[in-house]
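>>> Following is a predicted model, sequence given first.
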Amino acid sequence: MRISVVVPVYNEETGLRQFFCTLHDVLRTLGSSWEVLFVDDGSADDSWVVIQQLASEHAEVKGIRLSRNFGHQMALTAGLEHVSADAVITMDADLQHPPELIPELVARWQQGFEVVNTVRTDAAEMRQFKRRTSALFYRLINKVSEVPIPAGAADFRLLSRQANQALLAMPERHRFLRGMVSWIGFSQTFIPYTARPRQHGESKYTLRKMMNLGADGLTSFSVAPLRLALLLGLISIVLAFLYAVYVLWVKIFTHNSEPGWTSIIGVSMFFGGVQLFTLGILGEYLGQLFGEIKRRPLYVIAQTAGSVEPSARKEII
Ligand code: UDP
Ligand code: MG
């Protein structure tokens, strides 16, 4: 039995060594063989130097360095593609995901679960803003998404080899792993945990990165936004008809209509509606195409440290 831990790293040089020490203490007690794969997501600080040092000190430590900052979800994907263990655990490098939970993740996997998710329960330490926007986002996405995505779901989870392979067979560019993991199915379970305050540095999730992640989540698991255009078009066609009735009424039964007014208003409102409606249909097809043409590589590797496994993706596609 082998366990891999995949850790995305972006400008975490100050806390990385402490993170590894804590993780190391937990992994040693597991009684199975393990490895840690750090994915340096184009850090601007000396994170890669620390990773290289750790890799030279411990045979179990490996590293991949991406050629630029591709983002948390891509860094996770890169890591998941380069492990071949029986189970793979993904977690953040800032100790917000408590390594002490790992034995429990492994125990649940041994009970037969293919995916062991974690859900953040007590978020008291989180900034009010992040907590509110996160709660709102999950309420919205669960209304429209094709698969359930629990609020507070974290990218701290264990995947069996089979679940990981299913995940890697999904080629999309806009990756919202929380939704994708829910999509693959298998027997899944959830473990609650309390997020701790960040040990070093500050959050690398800028507002922009958070909004991008949210938009990817919404558009890759729902076509509801596209349908909105259809709905708007339909509503305006109905309104146009109602208004046409009104302008006709003004024309026929009163004397205060200008010549030409009735037809211009009626026709322009109707075609406004028709245009929105057809735009909505076009959008629907465009959305479908958009989902199909994502054929670029998801990330680019610049360097590796330790004996990193070859990518699993080629074998799958
Ligand atoms: N991270 C990354 N690339 C990015 C942003 C973040 O690899 O572009 C990593 C980061 O180093 C950390 C994890 O993803 O290990 C989660 O980021 P962070 O803790 O900043 O997010 P938060 O916990 O504030 O949501
Ligand atoms: Mg964090």
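Nice, thanks for sending it over. Ligands and ions are numbered 1, 2, ... in the order given.

>>> can you give me the strands in the stretch 101-250 of the chain?
115-120, 157-160, 188-193 (DSSP state E, counting those that start in this stretch).

>>> if we compare those, which one ends up closest to Pro310?
Closest approach to Pro310 among the strands of the stretch 101-250 of the chain (C-beta to C-beta): strand 157-160, 18.8 Å. Every C-beta, even on glycine, is put in place using the N, C-alpha and C of the backbone.

>>> Tell me how many other residues crowd Leu279.
15 (other C-beta atoms under 10 Å).

>>> What parts of this structure come near ligand 1?
8-10, 12, 41, 69, 71-72, 75, 92-94, 96, 203-205 (C-beta under 6 Å from any ligand atom).

>>> Give me the outermost residue of the chain relative to its centroid.
His255 (61.2 Å; C-alpha atoms, centre = their mean).

>>> Using the three-state scheme, assign it.
coil (DSSP: H, G, I helix; E, B strand; the rest coil).

>>> where does this protein have its least confident helix or strand?
One helix or strand of the chain scores below all others by mean pLDDT, DSSP states H and E: helix 313-316, with a mean of 55.

>>> following the helix or strand harbouring Leu282, which helix or strand shows up next?
For Leu282, the host element (DSSP states H and E) is helix 261-292. As assigned by DSSP H and E, the chain's next helix or strand after helix 261-292 is strand 301-305.

>>> And that following strand, what's buried?
Neighbour counts over strand 301-305 (16 or more other C-beta atoms under 10 Å) mark Ile301, Thr304, Ala305 as buried.

>>> Report the contact partners of the closest residue to Glu146 other than its chain neighbours.
Excluding the flanking residues, the one nearest Glu146 by C-beta to C-beta, 6 or more residues apart in numbering is Phe221, at 5.7 Å. Contact analysis of Phe221 by C-beta atoms under 8 Å, 6 or more residues apart in numbering lists Ile141, Val144, Ser145, Glu146, Val147, Ile149, Phe176, Gly179, Trp183.

>>> Mark which of the residues you listed are part of helices, please.
Ile141, Val144, Gly179, Trp183 (DSSP state H).

>>> tell me the contacts of the first one?
By C-beta under 8 Å, 6+ apart, the contact set of Ile141 is Ile149, Gly179, Gly217, Leu218, Phe221, Ser222.

>>> of these, closest to ligand 1?
Relative to ligand 1, the closest of the contacts of Ile141 is Gly217; by C-beta to the nearest ligand atom it sits at 13.9 Å.

>>> ok, that closest one touching Ile149?
Yes. Counting by C-beta atoms under 8 Å, Gly217 touches Ile149, with 7.4 Å between them.

>>> Mind checking which of the two has more residues around it?
In terms of neighbours (other C-beta under 10 Å), Gly217 is the more surrounded of Gly217 and Ile149; the figures are 24 against 19.

>>> nearest spatial neighbour of that one, skipping sequence neighbours?
Per C-beta to C-beta, 6+ apart, closest to Gly217 is Phe176, 4.0 Å.

>>> intersection of neighbour lists for Gly217 and Ile149?
Overlap of the contact sets of Gly217 and Ile149 (by C-beta under 8 Å, 6+ apart) consists of Ile141, Arg178, Gly179.
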